[in-house]
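# Based on what follows, work out the 3D shape:
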Amino acid sequence: MSNPLKFKDLNRSQFFVTARKRVDAYFKENSISPNANGAMWAKAIFFLAGYALFYGLILSNQFGTWEMLGLALLMGVFAACIGFNVSHDGLHGSFSSHSWVNRLMGNSFYLIGANPYVWKITHNIVHHTYTNIPGHDEDIEVAPGLVRLDPDEELRPWHRFQHWYTIPLYSLASLSWVLRKDYVKFFKGKIGHHDTSSHPRKEYVKLFISKGLYYLFFLVIPFLVLDLTWWQLAIGFVLMHLAEGLVLGLVFQLAHAVEGTAFPIPDENGDMQAAWAIHQMHTTANFAPDSALAAFICGGLNRQIEHHLFPKVCHIHYPAIAHIVKQTAEEFDLPYLENESFGSALQSHYRLLQKLGQPVVEDIKMYSVAD
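You can find the predicted model right below:
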């Protein structure tokens, strides 16, 4: 049984209909496929080949301890970039018009120790539908009890310091993912209010075999091959995931937990008093929209507005359609939240954490629908 929460388009907004028609027209008039182009394939090959290269260089046993540590950190960064640039588009079905290609690209998630099946439930279904809704979107539950991103969560004494300790905590995201998160989500029974009590039998097999193979290739084989002690190997493994986790955590949080984004709650009937697309405009933000480096590294996730509205469009096209979305939002008097740079987005996230560590945060809970 799926979540009964509904989005009610009380004002019969034509925003998303208009934006979708204009975006579709852009691709048709320019004879462009909304899927991957040559630049996208080049990015995918670059990050996958780089990840494999670093792994091979480490296993060659031709480098000193410090050099291998540097390679491990680079592997962590490239693992995050594979998630952003390859797996994410594949799992959304936007990489190609061929399902087998999307499946292959999505399965690159296994290379970084994550489970594609669990991700499609938690991210594609739950997060993309119920963005920033407390009790529904578990992506805002970074570390329940320790980090407060839900304005209705009980305020604890240590929350007033969370703007200092939360960002370093993001480094643990990848370790948690590889060692704990997928198992917990898989056997949880519910993610938010979405029923996950029943899974296909093959997914049980895939979960344990893929995790076992990851541990084999990243713990057992290096221990047998490298001239390292077990604790040196453990340090390298942990630091690789700390680098990966910090990159992953920051990119995802800067898209939904910055000043201006709302954390709305359902009404007394359990419904949202807005259309789904309008809800996305109030709960999602872009950062560094004009940075070619951010676009290259983040796989378009620095343009989360375009991604949330058009997840079936490959992220390589987001810069081209962004002006369409922004213009349409302005016409319908809707917010189009952006931070000009990564640094300004990080500062905004810091200030929001600081604000959420205080008792009164009513102004960030709801949004008004005035179009």
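# can you map out the strands along this structure?
For the chain, the strands defined by DSSP state E occupy 6-7, 189-191, 194-196, 271-272, 285-287, 337-339.
# Asn30 is nearest to which of those?
Among these, strand 285-287 comes nearest to Asn30, with 22.6 Å by Cβ to Cβ. C-beta coordinates here come from the backbone N, C-alpha and C atoms, glycine included.
# what sits up against the closest one?
For strand 285-287, the external contacting residues (Cβ atoms under 8 Å, 6 or more residues apart in numbering) are 254-256, 258, 260-261, 294, 302-306, 322, 336-342, 344-345.
# Would you reformat the strands of the chain as CSV and include mean neighbour count and mean pLDDT?
Output for the strands of the chain, formatted as CSV (neighbours: other Cβ atoms under 10 Å; pLDDT from 0 to 100):
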stretch, mean neighbour count, mean pLDDT
strand 6-7, 15, 89
strand 189-191, 15, 87
strand 194-196, 16, 86
strand 271-272, 18, 88
strand 285-287, 27, 97
strand 337-339, 22, 96
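# wait, which of those strands is closest to Ala36?
strand 285-287 (21.3 Å).
# For the closest one, which strands pair with it and how are they oriented?
strand 337-339 (parallel) (DSSP bridges).
# residues making contact with the strand it pairs with?
Contacts for strand 337-339 (Cβ under 8 Å, 6+ apart): 254, 258, 260-261, 281, 284-289, 305, 345, 348.
# What is the neighbour count of Ile305?
Using other Cβ atoms under 10 Å, Ile305 has 24 other residues around it.
# returning to that earlier point: filter the contacts of strand 285-287 to the buried ones?
For those, a burial check counting by 16 or more other Cβ atoms under 10 Å picks out 254-256, 258, 261, 294, 302-306, 322, 336-339, 342, 345.
# Return the subset of those lying in helices.
Those of the buried ones among the contacts of strand 285-287 mapping onto helices are 254-256, 294, 304-306, 322, 342, 345, per DSSP state H.
# which one among those gets closest to Ala329?
Of those, the one sitting nearest to Ala329 (Cβ to Cβ) turns out to be Ile305, at 8.2 Å.
# what's near enough to touch that closest one?
280-281, 284-286, 322, 325, 336-337.
# can I get those residues in TSV with distance to Leu69?
TSV is the format used below for the contacts of Ile305 (distance: Cβ to Cβ, whole Å):
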residue	distance to Leu69
Gln280	41
Met281	43
Thr284	37
Ala285	35
Asn286	34
Ala322	39
Val325	42
Tyr336	42
Leu337	38
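# Tell me which two of those sit farthest apart.
Taking Cβ to Cβ as the measure, the contacts of Ile305 span a maximum distance of 14.4 Å, between Gln280 and Ala322.
# Where does pLDDT dip in the chain?
Counting by pLDDT under 70, the chain has low-confidence residues at 1-3, 360-371.
# Return the set of buried residues in stretch 265-272.
Buried residues in stretch 265-272 (16+ other Cβ under 10 Å): 265-266, 272.
# And stretch 309-322, by the same measure?
Buried, per 16+ other Cβ under 10 Å, within stretch 309-322: 309-311, 313-318, 321-322.
# Take those and keep only those in helices.
Short answer: the buried residues of stretch 309-322 in helices (DSSP H) are 309, 318, 321-322.
# residues of stretch 83-97 that come out buried?
Those would be 83-96, for stretch 83-97 by 16+ other Cβ under 10 Å.
# from those residues, which ones fall inside helices?
88-92.
# So which of the residues you listed is the closest to Leu155?
Among those, and counting by Cβ to Cβ, the member closest to Leu155 is His88, at 33.8 Å.
# Could you report the distance from that closest one to Pro222?
According to Cβ to Cβ, to the nearest Å, His88 stands 27 Å off from Pro222.
# thinking again about what came up before, how about a markdown table for the buried residues of stretch 309-322, with distance to Tyr214 added?
Below are the buried residues of stretch 309-322 laid out as a markdown table (distance: Cβ to Cβ, whole Å):
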| residue | distance to Tyr214 |
| --- | --- |
| Leu309 | 33 |
| Phe310 | 32 |
| Pro311 | 27 |
| Val313 | 30 |
| Cys314 | 27 |
| His315 | 26 |
| Ile316 | 28 |
| His317 | 32 |
| Tyr318 | 30 |
| Ile321 | 36 |
| Ala322 | 36 |
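# so who does the residue sitting furthest away from the middle of the chain touch?
Residue farthest from the centre of the chain, counting by Cα atoms, centre = their mean, is Asp227 at 36.2 Å. Contact analysis of Asp227 by Cβ under 8 Å, 6+ apart lists Asn61.
# How are the helices of the stretch 101-250 of the chain distributed by residue range?
116-119, 128-129, 162-169, 173-176, 182-186, 201-215, 221-225, 230-256 (DSSP state H, counting those that start in this stretch).
# Tell me which of the ones you listed lies nearest to Lys6.
Of all the helices of the stretch 101-250 of the chain, helix 128-129 comes closest under Cβ to Cβ, at 10.6 Å.
# Now do stretch 287-298: distance from first to last residue.
Its start and end residues considered, stretch 287-298 measures 10 Å (Cα to Cα, to the nearest Å).
# going forward, begin numbering at 26 instead of 1
Happy to do that; since the first residue is 26 now, the last one works out to stretch 312-323.
# tell me which residues in that stretch are buried?
By neighbour count on 16+ other Cβ under 10 Å, the buried set for stretch 312-323 is 312-314, 319-323.
# could the residues you listed go into JSON lines alongside distance to His188?
As requested, these are exported to JSON lines (distance: Cβ to Cβ, whole Å):
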{"residue": "Phe312", "distance to His188": "18"}
{"residue": "Ala313", "distance to His188": "21"}
{"residue": "Pro314", "distance to His188": "25"}
{"residue": "Ala319", "distance to His188": "23"}
{"residue": "Ala320", "distance to His188": "28"}
{"residue": "Phe321", "distance to His188": "29"}
{"residue": "Ile322", "distance to His188": "25"}
{"residue": "Cys323", "distance to His188": "23"}
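# This completes my enquiry, with thanks.
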